[in-house]
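Starting from these lines, generate the structure:
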Amino acid sequence: MSEPSKSVAEVVTLIARGVIVHPTIPPFGVHLGHPNIVLVPLGGMPRLQAGLVWVRDSADHRIREFDRVAREVMSGGVSRRSLAISP
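Modelled structure (predicted):
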């Protein structure tokens, strides 16, 4: 078995070359827009829940801000002001 892919670009290249098949979510396929990649819906399967993960103690302020906004959106309390991302 080969090593896991190290980047999205590597995964896209392997898909486009016909080396792998990659189950994913529709927005990923739309984002790719590669002429050699076709999205084929998988029917008859139960819905899946997706989530994001990151290192809990990350010092990156962008991750902390994303986490804050995501929690606010999920709780239904999102406001226009809260969606402004600080530099």
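
Tell me where this protein has helices.
For the chain, applying DSSP state H gives helices covering 8-16, 26-32, 61-74.

residues in contact with stretch 17-32?
With contact meaning C-beta atoms under 8 Å, 6 or more residues apart in numbering, stretch 17-32 is reached by 11, 12, 14, 15, 36, 37, 39, 42, 50. Any C-beta I mention is one placed from the backbone N, CA and C, and that applies to glycine too.

Nearest the geometric middle of this structure, what residue?
Ranked by distance to the mean C-alpha position of the chain (C-alpha atoms, centre = their mean), the top residue is residue 28 at 6.8 Å.

quick one: least confident helix or strand in the protein?
When the helices and strands of the chain are scored by mean pLDDT, DSSP states H and E, helix 26-32 comes last with a mean of 76.

Give the buried residues for that helix.
Buried residues in helix 26-32, counted by 16 or more other C-beta atoms under 10 Å: 29, 32.

any idea how far that helix is from the chain center?
Here the centre of helix 26-32 is set off from its chain's centre by 9 Å, with C-alpha atoms, centre = their mean, to the nearest Å.

Quick check on the contacts of stretch 17-32: which are buried?
11, 12, 15.

From those residues, pick the one nearest residue 55.
residue 11 (21.5 Å; C-beta to C-beta).

okay, the closest one: pLDDT?
The score at residue 11 is 87. That number is its pLDDT.

tell me the domain ranges of the protein?
Domains of the chain are assigned by automatic domain parsing as 1-46, 51-87.

what's the least confident stretch among those?
Averaging pLDDT over each of the domains of the chain puts domain 51-87 lowest, since it has a mean of 73.

Tabulate the buried ones among the contacts of stretch 17-32 in a markdown table, adding columns for distance to residue 66.
Formatted as a markdown table, these follow (distance: C-beta to C-beta, whole Å):
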| residue | distance to residue 66 |
| --- | --- |
| 11 | 22 |
| 12 | 23 |
| 15 | 27 |
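
can you list the contacts of stretch 17-32 in a markdown table and add distance to residue 70?
What follows is the contacts of stretch 17-32, written out as a markdown table (distance: C-beta to C-beta, whole Å):
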| residue | distance to residue 70 |
| --- | --- |
| 11 | 24 |
| 12 | 25 |
| 14 | 30 |
| 15 | 28 |
| 36 | 33 |
| 37 | 28 |
| 39 | 25 |
| 42 | 26 |
| 50 | 12 |
